Structure formats: C-alpha cells, structure tokens
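Chemist: the amino acid sequence is not available; the structure is as follows:
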Ligand code: NAP
Ligand code: ZN
C-alpha cells in the first residue's frame, strides 16, 4: 500500500509499505479521508515531538476491512472515525479521568502509523462508528471537532453567553459553531483575512472584526464596543502571542479565557497577574479531546455542523507532501487527503 512517511525530521515522502495486519483488539481500516492539520507541518519541521519513521495523519475516517482476534462488536464494512490519542489507562492521571494528561500518551499519526495511507491500524477502543450514509470527508472532521468540543465544555458557555473567538482557521470556525450550539447568542470572531470573516458569518458568527484594521479591545470591549465591558468567554484559537495578549483584555470581570491555540514551546507572552486577580478571570488550557470523540462524531453525523464550507481542497497522498511542506495558501481552511484519488 502507499503511505506518506515522515522518515526523519524534514524528510517526508510517499512510498510503498507492507499493508499492516490487525493484532488482537485491532481494526484494519481502509482510509477514506484524512485531514491535514497544522500539527503535521510542525511534525515535519521537528517543532512537535514525534517518532520517525512514522506514517503521519491523525484525523482519519474509513471502512473496517478486517478485525483482529477478540474483536466481535464491530462489523466488517462499518465506517469508523478514530480517536488518535491512546492513553495508558494505569497512571494517576488516567485513573483520575484526565486521560489527555497521561504522560505516556501516544497518538496514531504521530507516534505510530497514521491515516495518510491506504490502510491504518486502529485499536477497537479508539474507533467510533459513524453512518455509512455520511460523506467520509465529513468523518475526518470528528477529531478536530472533538478538540474544540473539549474547549467548549471547559468554557462553561451557557444559553445567552457572549463569546469572542480569536483566529479564523478550522479550529476557530468549528468553535464558533459549537459556541452557538452551546447557547451563546453573541459570538464574535477576530481574524485578519476577509474571506475567513465572511465564512465565519456564514457559519454562525454574529459579528466579525479585523484585528489588523482596528483596536479590537476597543471595538469589542470598549464603552462603545460590541459588548461594553467584555464578553463572558474568550476562546483563543490562533496560537499567536498577539491573540493570547488580547484574550484576557476581552473577557469581562469574572469571565473565562480558554487557550486552545498552540504557541511554540518556550515562547512567552506578557500577562498582568493583577488583572487576572482583580477581575477574577479564569484562564484555562484545553488540550486535545478527552472523552468527547463520541459526541463529536454524533454532532458530525447529525449535520448540525457546517463542514462543506470549511473544505478548501481534497488532494491525493502524493499531492499531500507539498501541501504539508508549505504554509497554508491564503484563504485556505482545511485540506483533506483522499488516498484512493487518482
Ligand atoms: P490555522 O489554520 O493556522 O488557524 C489559525 C488562524 O489564526 C489563521 O487562520 C489566521 O487567520 C488566524 N490568525 C493569525 N494571527 C492572528 C491574529 N493576530 N489575530 C487573529 N487571528 C489571527 O490553525 P487551526 O488548524 O485552525 O488551529 C488553530 C490553533 O489551534 C493552532 O495553534 C493549532 O495548533 C491549535 N490546535 C489545538 C488543539 C488543542 O487540542 N488545543 C487541537 C488542534 C489544533 P487570518 O490569516 O485570517 O488571521
Ligand atoms: Zn490535528
């Protein structure tokens, strides 16, 4: 079969490898679609720990073609989406229900072979069935949606909440939609590109702002702003210093800031602890997707999430090499690999 291999940091290419066979408790899944994520670019450049040689791809969806010994509760031919994050189940964090903080966490497509291939091995316990009637490309959105869902759960958004989302990439645009579904009536998205602001309004943002054109603190939280005094919840989805700095200033007193964006390890941002103390802000990190993949899959299957508008391109495995090796093109939101595409 063909697989997109990270052979070493900086060394990514498609080559023929043996089709794997499922061990006990495993599924052999024929990949129908696998999303390209910013993390794949970080892995290529060695900015995120990985274990090359490895096949990348952690946002996959496909058809069960064979099952290993001991697997009796899923049919050959079923369509699944995989939760890539495998925790040990035994450490204190896992036993306390914080599986995403397991120090032995290993991910499919990062530490072991992933979904940029014709086939991927998925432990049964990591697989969630989704309808065969679904567009498989939609199935590949379950993983990023699950990460956003964890952030939404932590945020405490309630009916009537006001929310600012910073960054109009796929994570920001999914978060906008989940914030509305969670009951927020005001959802403001800040992103620099006009095409992404239009997209955000299309998928449910009640307003958008251009951070390069105006002072968004004033435009949102100022006395004549969209929500004078600031919003209940700010969700940082850009992973850049500027938006992290803005996040606490956009929250109302007693409000919540959720950091979903990943800034490079070691990079620092100045914050004002007095402001966090005096205005009793809750500042939270949201890391991956503990126990939310099933709900994300159900949300995708329900049709409640607008996905088609977030799909910029579908590419073959061969084309994916250059997509991952280059920064996203202007206006691009999500590119997906469809392996059996000619
Ligand atoms: P992305 O496509 O790079 O989106 C980030 C967006 O932020 C960009 O599209 C950019 O759009 C916008 N941006 C950049 N600078 C900005 C600024 N100064 N003000 C406002 N917007 C700005 O990435 P993504 O896939 O959506 O992911 C977003 C972040 O979440 C990344 O850091 C990713 O690593 C992280 N992530 C975290 C988790 C988790 O578990 N917490 C899971 C998945 C991804 P414009 O050009 O329009 O400004
Ligand atoms: Zn990802």
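Modeler: Sure thing, it's come through. Just so it is clear, the structure is predicted and the values come from calculations on it, not from any experiment. Ligands and ions are numbered 1, 2, ... in the order given.

Chemist: residue 55: what's it in contact with?
Modeler: Going by CB atoms under 8 Å, 6 or more residues apart in numbering, residue 55 touches 3, 4, 5, 6, 17, 109, 113, 114, 115, 116, 117, 120. Every residue, glycine included, has its C-beta placed from N, CA and C.

Chemist: so who does residue 311 touch?
Modeler: Counting by CB under 8 Å, 6+ apart, residue 311 touches 137, 333, 334, 336.

Chemist: which two among the residues you listed are spaced furthest apart?
Modeler: Greatest spatial distance among the contacts of residue 311 (CB to CB): 137 and 333, at 13.0 Å.

Chemist: leaving out chain neighbours, which residue sits closest to residue 20?
Modeler: The shortest distance from residue 20 to any non-neighbouring residue, by CB to CB, 6 or more residues apart in numbering, is to residue 121 (5.0 Å).

Chemist: now that neighbour: phi and psi?
Modeler: phi -90, psi 130 (degrees, to the nearest 10).

Chemist: any regions of the stretch 101-250 of the chain where pLDDT drops low?
Modeler: Flagging of the stretch 101-250 of the chain using pLDDT under 70 yields an empty set of residue ranges.

Chemist: by proximity to ligand 2, which residue of it wins?
Modeler: residue 144 (5.8 Å; CB to the ion).

Chemist: ok so, going back, which of the contacts of residue 311 fall within strands?
Modeler: 334, 336 (DSSP state E).

Chemist: going by distance to residue 54, which of the contacts of residue 311 wins?
Modeler: Distances from residue 54 to those, taken by CB to CB, are shortest for residue 336, at 19.7 Å.

Chemist: residues near the closest one, how many?
Modeler: Residues near residue 336, counting by other CB atoms under 10 Å, number 24.

Chemist: check residue 203 too.
Modeler: For residue 203, the neighbour count with other CB under 10 Å is 19.

Chemist: my guess is it meets residue 175, correct?
Modeler: No - using CB atoms under 8 Å, residue 203 is not in contact with residue 175; the gap is 10.4 Å.

Chemist: which residues does the residue in the stretch 151-300 of the chain that ligand 1 sits nearest to contact?
Modeler: Here the stretch 151-300 of the chain gets closest to ligand 1 at one residue, residue 169, 2.0 Å apart by CB to the nearest ligand atom. Counting by CB under 8 Å, 6+ apart, residue 169 makes contact with 38, 191, 196, 237, 238, 333.

Chemist: quick one: average pLDDT of stretch 270-281?
Modeler: The pLDDT scores in stretch 270-281 average 96.
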